[in-house]
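J.: Turn this into a structure:
(one chain, ligands or ions: 1)
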Amino acid sequence: MAAMGDMVTELITTAARRREDPAADVLSELTNAEVTLDGVTHRLDDTELAMFGVQLVVAGNETTRNAIAGGLIALAQRPDQWQRLVDDPTLVPLAVEEILRWTSPVVSFLRTAVVDVTLPVPRLDGAAPDELTIAANDPVLLLYGEANRDPIEFGDSADLFDVGRTPNHHLAFGFGTHFCLGAALARIEIRVVLEALLAQGRMPSLVGDVRYSPSQIIAGVEFAEVQFLPA
Ligand code: HEM
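T.: Just a heads-up that it's a prediction; the model follows:
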């Protein structure tokens, strides 16, 4: 909480400086951007800037680095999957999607229903779907990681890491109006790491235990000792 307080203070003071003296950076763009909402144009105030800054720092950092770390651990644990990428690097874009599905860096988010909805809930045995009713104002916990292992969507191989998986309709970036703003950047980051390792002829190899961080929101890798061996 103290670190979060420091981060917000830093964002607000830097934003105030950038308002007076813009530089070539994201905060200057945000500070000086004009937002039109319901016909009214305004600039982001300090609270909005701080919230958006925190959003970018957390959303764009915790997620991608844990996707990359988790993906490299998965590949280190399955040298056959790494070999498939060596043999056929055109699989890299599919591997990126599988890493996103497999690691599901955002484990869950809590949302609040704004209207009453009734949803069909498919059944594993193929019988007619059950129905689930969610009332307006109900809290709804979205379990992205759980959805990404759903045997109804991914079949018998849902629990297998398959760098050639297609189709792969994972929900790692959510869906609908709030679909992840940084999805394209995140995909590039993961692809660049894979391509760089393949170009260098290096393969990830685990040399110790993996420790995950205890969080209900981010699937974080706290510690993993990995060597990059000549493939
Ligand atoms: C592997 C990497 C990433 C994953 C797994 C991820 C996941 C998600 C998820 C699950 C959501 C919520 C979607 C929903 O409510 O349906 C989200 C929203 C968002 N993400 Fe990401 N994200 C990633 C990378 C990034 C990056 C790199 C950025 C920015 C640089 C970013 C910025 C955002 C923002 C701003 C939102 C809110 C969008 C909105 O509410 O309209 N994310 N992300």
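
J.: List the buried residues of the helix or strand of the chain with the lowest mean pLDDT.
T.: Counting by mean pLDDT, DSSP states H and E, the chain has its least confident helix or strand at helix 46-59, which shows a mean of 87. For helix 46-59, the neighbour count (16 or more other Cβ atoms under 10 Å) marks 49-50, 52-53, 56 as buried. Where C-beta positions appear, they are placed from N, C-alpha and C, glycine not excepted.

J.: who's in contact with that helix?
T.: Residues from elsewhere that reach helix 46-59 (Cβ atoms under 8 Å, 6 or more residues apart in numbering): 4, 7-8, 11-12, 15-16, 26-27, 30-31, 44, 180-182.

J.: Does it reach the ligand?
T.: Yes: residues of helix 46-59 contacting the ligand under Cβ under 6 Å from any ligand atom: 55-56, 59.

J.: same thing with stretch 20-37?
T.: No: Stretch 20-37 lies apart from the ligand when judged by Cβ under 6 Å from any ligand atom; the minimum separation is 9.4 Å.

J.: What residues sit buried inside that stretch?
T.: Neighbour-count burial for stretch 20-37, counted by 16+ other Cβ under 10 Å, picks out 27-28, 30-31.

J.: just stretch 217-224 next, same as before
T.: Residues of stretch 217-224 classed as buried by neighbour count (16+ other Cβ under 10 Å): 218-221, 224.

J.: Can you name the two of the buried residues of stretch 20-37 that sit furthest apart?
T.: Farthest-apart pair in the buried residues of stretch 20-37 is 28 and 30; separation 7.4 Å (Cβ to Cβ).

J.: circling back to that earlier point, CA atoms only: put the following helix or strand past the least confident helix or strand of the chain into CSV for me.
T.: Counting by DSSP states H and E, the element after helix 46-59 in chain order, helix or strand, is helix 62-77. These are the backbone C-alpha positions of helix 62-77, laid out as CSV (Å, rounded to 0.1, in the frame of the first residue of the first chain):
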residue,chain,number,x,y,z
GLU,A,62,2.7,-7.6,-14.4
THR,A,63,0.9,-9.3,-17.3
THR,A,64,3.5,-9.4,-20.0
ARG,A,65,6.5,-10.3,-17.9
ASN,A,66,4.6,-13.2,-16.2
ALA,A,67,3.3,-14.4,-19.6
ILE,A,68,6.9,-14.4,-20.8
ALA,A,69,8.3,-16.0,-17.7
GLY,A,70,5.4,-18.6,-17.5
GLY,A,71,5.7,-19.3,-21.2
LEU,A,72,9.5,-20.0,-20.9
ILE,A,73,8.9,-22.2,-17.9
ALA,A,74,6.3,-24.2,-19.9
LEU,A,75,8.7,-24.6,-22.8
ALA,A,76,11.6,-25.5,-20.5
GLN,A,77,9.4,-28.3,-19.1
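
J.: and for helix 62-77, what are the contacting residues?
T.: For helix 62-77, contacts defined as Cβ under 8 Å, 6+ apart pick out 81-82, 85, 95, 99-100, 102-103, 105-106, 161, 163, 172, 182, 185-186, 189-190, 193-194, 203-206, 210, 218-221, 224, 226.

J.: Quick one, grab the pLDDT at residue 214.
T.: Looking at residue 214, its pLDDT is 89.

J.: what's the answer for the one 5 residues further on, then?
T.: Residue-level confidence at residue 219 comes out at 92, pLDDT.

J.: With the one 4 residues further on instead?
T.: With respect to pLDDT, residue 223 has a value of 95.

J.: and it, which of the three is it?
T.: strand (DSSP: H, G, I helix; E, B strand; the rest coil).
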